[in-house]
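Chemist: requesting a structural model of the entry that follows:
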Amino acid sequence: MDKLRIDKWLWAARFYKTRSLATEEINKGRVHVNGLEAKPSREVKPGDTVRLRSGPVVRTIEVLAISAMRGPAPVAQTLYAETPDSVAERTQAAEQRRLAPEPAHAQTDGRPTKRDRRQLQTLRDPRDPPRVERDNRWSAFLSD
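Modeler: Below is the predicted model:
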């Protein structure tokens, strides 16, 4: 076997869990072969360069071997080699994401609690009677 469809090869090399997922990603334009946008029926051969994007991760790999059969992960890793530039870019991007996290992920406050809403209400309308705080609740114990 000298050539194989790119969707089958990506599935066999374990970049995607199913062949249909590989086809979807290719159709979305996230896979390029030798610098050109690929179609699922595009054939790859050893020596081709494949650039694929999976979320924020972009990989550039070189096809070393062809296999139409999906095997264990150690065997699948022998089908390709990631370029040193790609490895450096991935580690740099991972470090960048670690140092500057997404602002939405850093948000600690969510919706106000019932207690927060009551405090906001007393601040808005001072004519409302003051509400009893939890710490100052009425107790059944007699005090001297």
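
Chemist: nearest residue to the middle of this protein?
Modeler: Centroid-nearest residue in the chain: Gly55, 5.0 Å away (criterion: C-alpha atoms, centre = their mean).

Chemist: quick check: pLDDT value at that one.
Modeler: Reported pLDDT at Gly55 in the predicted model: 82.

Chemist: ditto for Lys114
Modeler: On pLDDT, Lys114 comes in at 89.

Chemist: distance check, it against Leu120.
Modeler: According to C-beta to C-beta, to the nearest Å, Lys114 stands 11 Å off from Leu120. The way it works is simple: take the backbone N, C-alpha and C, and place the C-beta from them, glycine included.

Chemist: tell me which of the two has more neighbours.
Modeler: Leu120 (11 against 7; other C-beta atoms under 10 Å).

Chemist: against Pro101, how distant is the closest residue to Val63 other than its chain neighbours?
Modeler: Excluding its sequence neighbours, the residue lying closest to Val63 (C-beta to C-beta, 6 or more residues apart in numbering) is Asp48, at 4.6 Å. Applying C-beta to C-beta, the value for Asp48 to Pro101 is 36 Å.

Chemist: for the protein, what spans make up the strands?
Modeler: With DSSP state E, the ranges of strands along the chain come out as 4-5, 31-33, 36-37, 43-44, 49-54, 57-63, 80-82.

Chemist: what residues does the longest helix anywhere in the chain touch?
Modeler: Using DSSP state H, we find that the single longest helix of the chain is helix 84-99. For helix 84-99, contacts defined as C-beta atoms under 8 Å, 6 or more residues apart in numbering pick out Pro56, Val57, Val58, Arg59, Thr60, Ile61.

Chemist: ok, now stretch 70-78?
Modeler: Trp11, Ala12, Ala13, Arg14, Leu64, Ala65, Ser67.
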